[in-house]
Every structure is written in C-alpha cells, then in structure tokens.
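In: predicted model and sequence below, questions to follow.
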Protein chains: 2
Amino acid sequence: MPDRTAPDLPFSPAEYARRLALTRAAMDRAGLDAMLVTDPSNMAWLTGYDGWSFYVHQGVILTMDDDPRWWGRRQDANGALRTVWMAPDHVHGYADHYVQSTTRHPMQDLAARLSDLGLAAARIGVEMDNYYYSARAHAALAAALPQARLTDATALVNWQRAVKSDEELVFMRRAARISESVIDGLVARIEPGLPKNDLVAEAQRDAIRGADGHWGDYAAIVPLMPSGSDAAAPHLTWDGRPFRRGEATFFEISGCYRRYHAPLCRTVFLGDPPDHIRRAEAALVEGLQAGIDAARAGNRACDIAAALAAPLTRAGIERGARCGYPVGLSYPPDWGERTISLRDEDDTVLQPGMTFHFMPGLWMDDWGLEITETILIRDTGPAEALCDRPRQLFVKP
Amino acid sequence: MPDRTAPDLPFSPAEYARRLALTRAAMDRAGLDAMLVTDPSNMAWLTGYDGWSFYVHQGVILTMDDDPRWWGRRQDANGALRTVWMAPDHVHGYADHYVQSTTRHPMQDLAARLSDLGLAAARIGVEMDNYYYSARAHAALAAALPQARLTDATALVNWQRAVKSDEELVFMRRAARISESVIDGLVARIEPGLPKNDLVAEAQRDAIRGADGHWGDYAAIVPLMPSGSDAAAPHLTWDGRPFRRGEATFFEISGCYRRYHAPLCRTVFLGDPPDHIRRAEAALVEGLQAGIDAARAGNRACDIAAALAAPLTRAGIERGARCGYPVGLSYPPDWGERTISLRDEDDTVLQPGMTFHFMPGLWMDDWGLEITETILIRDTGPAEALCDRPRQLFVKP
C-alpha cells in the first residue's frame, strides 16, 4: 500500500469509538462474530470512508475486537487510505480483473480474506436488504465460504445511527443552513417562463457553494420539483420546460454537509391558488404543528403520524404513505436511514437526539403539495425544526 | 389508476420495438419465459420510465408477447403513468406498507402479480448482479414463488444496449456538447486559492443549464476532481479546500441529456508540471490516439487496450485497471453499462454504433492524470471522438 496521507477525519476518535461500541453491542445481541457492512452510509459512519466507489463491490469487515477493515477495489484503496481512521494495514484492495467479470466475483477475494482472518466458519452478519449487496454477491460469498453462517443483519448498523451525537448535530445544522439557502433561492427565482432546468442549475450551485462559511456536499437525492399535475408523482426530476402560471411546484431538496442531510421541502404557486390547495395547505400546516408537538421523547413514531392525520382527515385528505423517516449521513440513492417509519404501525419510542424528515407530502391525482421539516427530538418538549423558514405555501402572483 | 398524462417520450415507437425485439431474442436464447428487470437503466431503456424511485424495490416485467409491465411503489405509479409508453393497465403499484417493512417485502406483492400473469411456474430471468436487486429481494421472491425457476440474467438487457441507434446517438451528441461546456468552464475557472466546492458548483450549474439549446440532466456520477496526491485515488469527490499551485487536478465529468452520457476527462496543472507528468502526458496522448485508431469495427475490445498499453509501457507506466467501458443511458451509481471491458481478457468484437468511455486514467502513488474520450465505433475507419477538445494536459502558470 502507498504511504498514508493524513485523512481529514470528520469526527473525533471518541465518536468512532461510540459507534463501534453501539454496533458491537447489537452484534452481540444478534449472536454475530462479525459483520460485513456494504451499505456505503454504514461504511462511512463506522470508518470515515468517503468516495464514489459504491458502484463496485466493497465493504467493511467488523469483528468484536479488531479495528474495522476496509475492503474494495484496489484503485479505491487509495481513497480509503485518505479517508478512514484505521491504520493502512486495515485497508485491503482486490485486483481489477474482478471488476464486472463474468468468470470471477469480488466476493471470492473477500472470502479469502475472511478466511485469513479466521472467519471461515464464523457467524457473519450481511446486509441482505441494504443497498449494493446484490443477490449475486450473496450467492458468491456463500459459495466461497461454505462453512460460514451468513445471517441477515439488514439495518443492524442503520439502527445504531438513529440517535445523533452532538458532533453529528453540528453537521446537520450546517446542512440545514444550506437547505435554507437553496429554498430561498428557489422561491426567489421561480417565475413563469423560466425553464425548469435553469432553476435546478442555480439550486445545485447554491447547494454546493454551501452556507454560513461551510462548503456543500452532494445530496443523496437530486432536487425533485414536479409542477402542476406532474406533482402527483413524487419522484420525477426535471426537464427543460418553462414554469407556467396557475401551477404549483414543490421543491424537495436537502443541503448536505460532509454527507449529513437536513431535507426541507416547500411549494410555490405561480398565480392564485385554487381553494382546494389553500384548504390542503391549512390542514397540512396544522398537521405539521401537531406532529412536531407530538414528537417528544417517550412518545412513539406512530404518535407523530396520528397527530398529523387528524387535521388532514378533517379536511377530507387520506394519505396512504408514511409521513417521515430518520435522516443523517447518507449516500445515493436515498437520504433516509431505512429504520423507523413515521406511520400507524411503527411504535418505536422516540429518544432525544433522533432526527427525522417529517415529510407529509400530498400527492393527489392531479396536484401535489409538500411542506416538510427536518426535526430533532429534544430531551423535553416538542421537537426542534432544524430549518427556520415560513411553514406555508409560497404564492407568487 | 388516475388518468394518464401524455408522456413526453424520448424515443419513437419503432425504437422501443427494436429494443423489445433484441431483448426477447436474448431471452429466447437464454430459455426464459419472462424477465424481471430491476436495473433502472434497463427499465428506462425498455419502457421510458424516468424517476428517482430506485431507492425502493421496483421493476419491469417482460414476457415474450405482452407489452412490458411497470411495477413499483404506488406513489411512483403516478410517475410511471407520466413517463412510460405502455397503457395505464400495464402500470402496477404496491401499497406503502410494503416500504421498508420488517414484516412484509415488496417482492411478495410482485410474486402475486406474476402469479396472476400465469408466471408462477415460469422460467424468470432476474438481474442478480445489477443494481438494486438485493439479496433479500431475491430470497423473498424465491420464497413467494416456489414453483418458478429464477435464473440469473445479469446484464442480459445491458448487452442489448451496446449498439446505439441513430436516435440514441442524437442524445449522446447533445450530452457531448454539455461535457465540452463543463470542461471549458472548469479549465477557465480553476486557479490557486479557489475553494474546490465553488468550482464544482459552477460545473454542476453548467451541466444542468445544458448546451446548444438542450437542457441538462443529472449525470449518474457526481463530478470527481481530486488534486495533487489525492489524485492517486480515482473516486474522491470534493471538499472546501482551495486549489494550490504545483498540483494537478483531474476533472472526471459527464454531460447528460435525458439520461444519456458522454463522459470527458481532462487534467489541469497549476504551475509548471514536473517532468514525470509531462512524460506521462506524452505517452497517454500517444496511447489514446493508438487506441482510437484500433477502435474499428471488426477489431476486439482487447485491441484497444493493447494499443494503449504499448506507449505507456515504453514510458515505464503499468496500468492495472481496464481502460474503458460502454456508456449511454444510465442512472446512479454508474454511467457504465457493465458489459464489455476494454482490457486484455475481453475479446468482444467491436460493432458500428458501440460507444465507449475510453478511460485510461493514471492513478499513481502520489499523482493522477486523466485524459479521456467518449468514442463511437464507425462503419469503417477509426472511432469518432464525440467531444472535440484538445487532448492534452492543460497548464495554467
């Protein structure tokens, strides 16, 4: 391995030690000897690794006593040496002929390394439904380690990320400043006739320039901003058509600071909003306030959903979808943590330091409305909204 | 399902028919009754579907006789109705309580639909090593369809994408104009003291504003631009530190037009480049020319690699990595098609209409150099470079 270039680690040694201790306690409860962590968000959370290399197979090997080991493509080992806190002998690269080969699989290289570590017959947790651990990767690993007991540990690490440390909250507040800057720019610039991609171009520029003296990272999801009847579809991106009078456009964006997110959505109507959208706005704002008031330590995830639902139901709006999810450190394709869901059936108890995108988007048959907040559960009292922008439909006549 | 909003389809009906015919012929050769296509690039290529919804389970069901069927989260079915060419009764949404549930899996819903289609005991191809088909998704589908024969059909659709139609080449040339615009802006703006994120911000703005009257889409990979010794690591993104005199920075970017890419990389040295970088530049430029000359219909993928390697070897540079891959329509996390690799062991015969990112990046122990081209195999003669920018190291004193 080449010489190490001292990494600019985002967090203190104590913070990484906290994360390892939490994860190992969960591994112990699950009866695991080791974890193979392939979700890039989990890899970064445990080791600091940061790079756009998750399009090839890679992972972090975590045992109960040794420092984590980064494993990936050899050319990306150089990136690992520059971003992880572990010593260089804990960075392992595989040869390039494993990449997208029809005759070899990178998991064969990994299996040899796991064997070298004495893990050939171990109980190894794998993230069967996290991103980038493919069906073939699992089959190849199982075939190459016939003695190992591969156990589904989907979201085991994700759950440890739910309560944010003070160090993490510093990053999320920086991301919130960027989110505010992006929303401010979108609201100020949108006007009839402006091609949508030109507005997105400015938003991406604002997001990466950053705010408050802190640089902006790429968000795990690109800006979403459907207009008019397209706003019935939550995950359309953009095109080159101009904004039109008489249409609502919602902006679903997040600032990002060193991979930490604080999503914020607002909607702008160009012209005079129809009554049904005004009524929905009023119900949604009331529901947001009620949900934030219910978002208290000791309450449950479903309490937020129920508090939101009451005013919406009174307004005749039935939402089929969950109304939020935890956020923090993320890589594409999602800025959610994929653990808790703010919905009826989730009775997870809320704890101080948990952060959620409280996201009661309304996607109706031919219109949509998004007014959302990233919230922090406090020790006492209602949640804190990390962003500070008017909670309303913006109207530009 | 709500009423259809007429989609603005990127391609003609004949083009989609061509794609279906190619795919079905490959399915026939593989002995398949049906395909479950989960790679978002393949989904879009077959149906037109476009949306940032690949963070939840979704797919396209393709049989030998019926139109493809889009299947995904119910809220995203609205996006499918707005982007696919099939009739609304070929768009199927699953309920939101399947999303990130610990007790239900979306593949259970899919299995029921496949059974409804008479495919419960069919030979169904699944993309076991394409993106977003997780190990758990495969296990859940297999458990829910015990009579079906699930067969690995990784890259079956990807291979059909290798030769581009004239309609696709129009899009790639538009993407190439955007790539040129982004590189021009990067070369013009980089200077000592400029924070790197500020330069990325302008590049993203240029990419999305588009070029030549065509709007810009998001690329499947964010801009990569490591500097100095960090350029040893190909997949680092950016931070807020300023550019420094005496360092090379490579820019790995792609313009994108309606999901089609034409990557282009150039390197800028701020100051006076050392001799070893100048020698590498000369060898690399010679290798690029030789590779493009070898990139002819009837030659093989490995011939390009061999032509590149000769001048590099003479200059004492041994590259361990492949030197290119096919490009075209893509979604994150990769703009490559993951079929052919330009390397020794790949003897795929080159055909007119194939497009590659010819990408002989040099990632040495403490410096890096990227000068690359997106190339098109022509009917006769050497390949055409889709972008037209000087093939050199740019030096700003």
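Out: Nice, thanks for sending it over.

In: point out where chain A drops to low pLDDT.
Out: Scanning chain A for pLDDT under 70 picks out A:1-5.

In: select the longest helix from it.
Out: Using DSSP state H, we find that the single longest helix of chain A is helix A:166-189.

In: is whichever helix or strand comes after it positioned near chain B?
Out: Downstream of helix A:166-189, the next assigned helix or strand under DSSP states H and E is helix A:196-209. Yes: Helix A:196-209 comes into contact with chain B (C-beta under 8 Å from any C-beta of the partner chain), by way of A:196-198, A:200-202, A:204-209. Where C-beta positions appear, they are placed from N, C-alpha and C, glycine not excepted.

In: packing partners for helix A:196-209?
Out: Helix A:196-209 sits against helix A:166-189, strand A:247-257, helix B:196-209, with contacts defined as 3 or more C-beta pairs under 8 Å, 6 or more residues apart in numbering or on different chains; DSSP states H and E.

In: out of the ones you listed, flag the one nearest residue B:90.
Out: Closest of the helices and strands packed on helix A:196-209 to residue B:90 is strand A:247-257, at 27.3 Å (criterion: C-beta to C-beta).

In: what angle do the closest one and helix A:166-189 make?
Out: 150 degrees (axes from the mean of the first three to the mean of the last three C-alpha atoms, to 10 degrees).

In: gap between residue A:83 and residue A:278?
Out: 49 Å (C-beta to C-beta, to the nearest Å).

In: and those two? Which one has more around it.
Out: residue A:83 (23 against 14; other C-beta atoms under 10 Å in any protein chain shown).

In: which ones are touching the more buried one?
Out: Residues in contact with residue A:83 (C-beta atoms under 8 Å, 6 or more residues apart in numbering or on different chains) are A:7, A:9, A:47-51, B:236.

In: let me have those residues in TSV, adding neighbour count as columns.
Out: Converted to TSV, the contacts of residue A:83 look like this (neighbours: other C-beta atoms under 10 Å in any protein chain shown):
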residue	neighbour count
A:7	16
A:9	15
A:47	26
A:48	22
A:49	26
A:50	26
A:51	24
B:236	23
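
In: check contacts around the residue nearest the centre of chain A.
Out: The centroid of chain A falls nearest to residue A:335 when counting by C-alpha atoms, centre = their mean (2.1 Å). Counting by C-beta under 8 Å, 6+ apart, residue A:335 makes contact with A:219-221, A:254, A:261, A:263, A:327, A:357.

In: any idea which of these is the one closest to residue A:161?
Out: Relative to residue A:161, the closest of the contacts of residue A:335 is residue A:327; by C-beta to C-beta it sits at 9.9 Å.

In: ok, that closest one touching residue A:259?
Out: No: counting by C-beta atoms under 8 Å, residue A:327 sits too far from residue A:259 to count as a contact (11.2 Å).

In: please, where are all the helices along the stretch 51-200 of chain A?
Out: Listed in chain order, the helices of the stretch 51-200 of chain A (DSSP state H, counting those that start in this stretch) span A:74-81, A:106-116, A:135-144, A:156-160, A:166-189, A:196-209.

In: for residue B:131, which of these is the nearest?
Out: Closest among the helices of the stretch 51-200 of chain A, using C-beta to C-beta: helix A:135-144, at 11.2 Å.

In: burial measure for the closest residue to residue A:285 other than its chain neighbours, as a count.
Out: Excluding the flanking residues, the one nearest residue A:285 by C-beta to C-beta, 6 or more residues apart in numbering or on different chains is residue A:391, at 5.5 Å. By the criterion of other C-beta under 10 Å, residue A:391 has 17 neighbours.

In: what about residue A:391, which SS state?
Out: coil (DSSP: H, G, I helix; E, B strand; the rest coil).

In: for residue A:346, give its distance to residue A:313.
Out: Taking C-beta to C-beta, one finds residue A:346 at 19 Å from residue A:313.

In: neighbour count winner among these two?
Out: The residue with more neighbours, out of residue A:346 and residue A:313 and counting by other C-beta under 10 Å, is residue A:346; that gives 20 against 13.

In: how much space separates the more buried one from residue A:172?
Out: Taken as C-beta to C-beta, the span from residue A:346 to residue A:172 is 22 Å.

In: near chain B, which residues of the stretch 1-150 of chain A are found?
Out: Near chain B, when you scan the stretch 1-150 of chain A using C-beta under 8 Å from any C-beta, you find A:2-3, A:5, A:8, A:50-55, A:74-76, A:78-79, A:81-83, A:95-97, A:99-101, A:105, A:126, A:128-139.

In: which of those residues are buried?
Out: A:5, A:50-55, A:74-76, A:78-79, A:81-83, A:96-97, A:99-101, A:105, A:126, A:128-139 (16 or more other C-beta atoms under 10 Å in any protein chain shown).

In: ok, back up a step: could the contacts of residue A:83 go into TSV alongside secondary structure?
Out: Supplementary listing: the contacts of residue A:83 in TSV, determined by three-state DSSP:
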residue	secondary structure
A:7	coil
A:9	coil
A:47	helix
A:48	coil
A:49	coil
A:50	coil
A:51	coil
B:236	coil
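
In: and of the residues you listed, the nearest to residue B:156?
Out: Among those, residue A:51 lies closest to residue B:156 (C-beta to C-beta), at 29.7 Å.

In: mind listing the helices in the stretch 251-397 of chain A by residue range?
Out: Under DSSP H, counting those that start in this stretch, the stretch 251-397 of chain A gives helices at A:275-294, A:301-314.

In: if anything else comes up later, I'll come back, but that's it for now.
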